[in-house]
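*Asks:* Fold the following, please.
(one chain, ligands or ions: 1)
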Amino acid sequence: RQTGTVETDAEKHDVEYLTPISIGTPPQDLIVDFDTGSSDLWVFSTEMAAKDIKGQAVYDPNNSSTSEKLQGSTWQITYGDGSSSSGDVYLDTVTIGNLTVPNQAVEAAKKVSDEFTDDPNNDGLLGLGFSSINTVQPTPQNTFFDNVKKNLDTPLFTTDLKHGAPGSYNFGYIDPAAYIGNISWTPVDNSQGFWGFTSPGYAVGTETLRNHSISGIADTGTTLLLLPKSIVKAYYSEVQGAQYDSSQGGYVFPCSPTPPDFVFGVNNGIVTVPGDMVLYAPIDSANQNCFGGIQSDTGIGFSIFGDVALKTSFVVFDAGGLQLGWAAK
Ligand SMILES: O[C@H]1CN[C@@H](c2nc(-c3ccc(C(F)(F)F)cc3)no2)C1
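*Replies:* Numbers count the residues shown, from 1 in each chain. Next up, the predicted model:
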């Protein structure tokens, strides 16, 4: 039985967290976006048109003695922001930290949308969602976590994302030094392939928790905290000068004073998103106005507890108990 840990580094404004992996023999090193909201491991590859590669590292299956083409298999994925990619599939050895999966489905991109081409530091995505939503056809493939979990001391992984600093993904163990206080556990609904859960309520600033069921997913691949419109309006009604700016596509407000904290419930515990985390990023060079880290989930069908929520906590993604654990740190 094994455990593993790998460091993940925040991009500018914590827009995404990039983590090193190795593929093939000899190992080819790429840096990818670990995404608990999807379940495909896909990478930039030598099968892409050169014009679509701008600085990314690519996987070359022909340069790996352990690669084996999964004949007839293809994949195509579209993300929440409308970005997309597609290609074909190889089985090859994938290593994350000290954990190795010998026959991992590695989805080689043939096409990627401009958003990926224009993101030079991101060589692909590694899905940590449930394998039921893997897009490979005709036979969906397992995620790295699903393949490695039988070798782990316990079938779970944890996230410790940080604000503007390296964080970590751990596999197979809960590091007691990584959090403070108790872990609040809540059951996971994986019926849509996500790490879904329902928060019992929320509070703005120091007020008491309001009962309001919020069903959403824990999604490391989404930058912000996307909540029901009514809650977002209630929050920004307590932020001086806040307004919905359609040109920015969300709520903006003066970068000072620091806005109130946002608190959401997890079972009988709470998670506090500090006001300075809601100050997501300045929208002007004078840093006068800021784009909010809390925005509306309208149109998605559920809320998304993205990095703005996750980086406040140490979070346990427990596939054994089918539960999420949230702790302060
Ligand atoms: O689909 C949901 C699953 N989790 C969310 C997610 N979104 C991305 C993403 C990463 C990078 C890019 C790009 F580089 F800018 F293209 C775009 C989207 N990764 O996870 C949304």
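*Asks:* and the stretch 101-250 of the chain, which residues reach the ligand?
*Replies:* With C-beta under 6 Å from any ligand atom as the criterion, the stretch 101-250 of the chain meets the ligand at residues E115, F116, D119, N122, L125, D219, G221, T222. Glycine gets a C-beta too; all of them are placed from N, C-alpha and C.
*Asks:* Which members of the residues you listed are classed as buried?
*Replies:* F116, D119, N122, L125, D219, G221, T222 (16 or more other C-beta atoms under 10 Å).
*Asks:* from those residues, which ones fall inside helices?
*Replies:* Judged by DSSP state H, the subset of these located in helices is F116.
*Asks:* just checking, which of the buried ones among the residues of the stretch 101-250 of the chain next to the ligand belong to strands?
*Replies:* L125 (DSSP state E).
*Asks:* of all the residues of the stretch 101-250 of the chain next to the ligand, which comes closest to the ligand?
*Replies:* Nearest to the ligand, judged by C-beta to the nearest ligand atom, of those is G221 at 2.2 Å.
*Asks:* Quick check, pLDDT for the closest one.
*Replies:* Model confidence at G221, given as pLDDT, is 97.
*Asks:* and if you look at K12?
*Replies:* On the pLDDT scale, K12 gets 88.
*Asks:* Pull out the buried residues from stretch 318-329.
*Replies:* D318, A319, Q323, L324, G325, W326, A327, A328.
*Asks:* quick one: terminal-to-terminal distance for it?
*Replies:* Stretch 318-329 has an end-to-end distance of 18 Å (C-alpha to C-alpha, to the nearest Å).
*Asks:* So what touches it?
*Replies:* For stretch 318-329, the external contacting residues (C-beta atoms under 8 Å, 6 or more residues apart in numbering) are 145, 149, 154-156, 160, 174, 178-188, 190, 195, 197, 218, 266, 269, 271-272, 312-317.
*Asks:* and of the buried residues of stretch 318-329, the nearest to the ligand?
*Replies:* Closest to the ligand, out of all of the buried residues of stretch 318-329 and judged by C-beta to the nearest ligand atom, is L324, at 15.8 Å.
*Asks:* now for the buried residues of stretch 318-329, which pair is the farthest apart?
*Replies:* Farthest apart among those by C-beta to C-beta are A319 and A328. That separation is 23.1 Å.
*Asks:* same question for the helix or strand encompassing A108, mean pLDDT?
*Replies:* Assigning secondary structure by DSSP states H and E places A108 in strand 99-112. In this model, strand 99-112 has a mean pLDDT of 98.
*Asks:* So for it, what gets flagged as buried?
*Replies:* Of the residues in strand 99-112, L99, T100, V101, N103, Q104, A105, V106, E107, A108, A109, K110, V112 count as buried by neighbour count, 16+ other C-beta under 10 Å.
*Asks:* okay if I get the residues you listed as CSV plus distance to V6?
*Replies:* Putting the buried residues of strand 99-112 into CSV (distance: C-beta to C-beta, whole Å) gives the following:
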residue, distance to V6
L99, 8
T100, 12
V101, 14
N103, 20
Q104, 15
A105, 19
V106, 17
E107, 20
A108, 22
A109, 22
K110, 27
V112, 24
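*Asks:* Which single one of those residues is nearest to the ligand?
*Replies:* Taking C-beta to the nearest ligand atom as the measure, the ligand sits nearest to V112 out of those, at 7.7 Å.
*Asks:* residues in contact with the closest one?
*Replies:* By C-beta under 8 Å, 6+ apart, V112 lies in contact with F44, M48, D52, S84, S85.
*Asks:* Could you tell me which of those residues count as buried?
*Replies:* For the contacts of V112, buried by 16+ other C-beta under 10 Å: F44, M48, D52, S85.
*Asks:* Now for the closest residue to the third one other than its chain neighbours, how many residues are close by?
*Replies:* Okay, so that is D52. With sequence-adjacent residues excluded and distances taken as C-beta to C-beta, 6 or more residues apart in numbering, D52 is closest to T117, at 5.0 Å. By the criterion of other C-beta atoms under 10 Å, T117 has 19 neighbours.
*Asks:* Please tell me I have it right and T117 contacts A49.
*Replies:* No - the criterion here is C-beta atoms under 8 Å, and T117 misses it with A49 at 9.9 Å.
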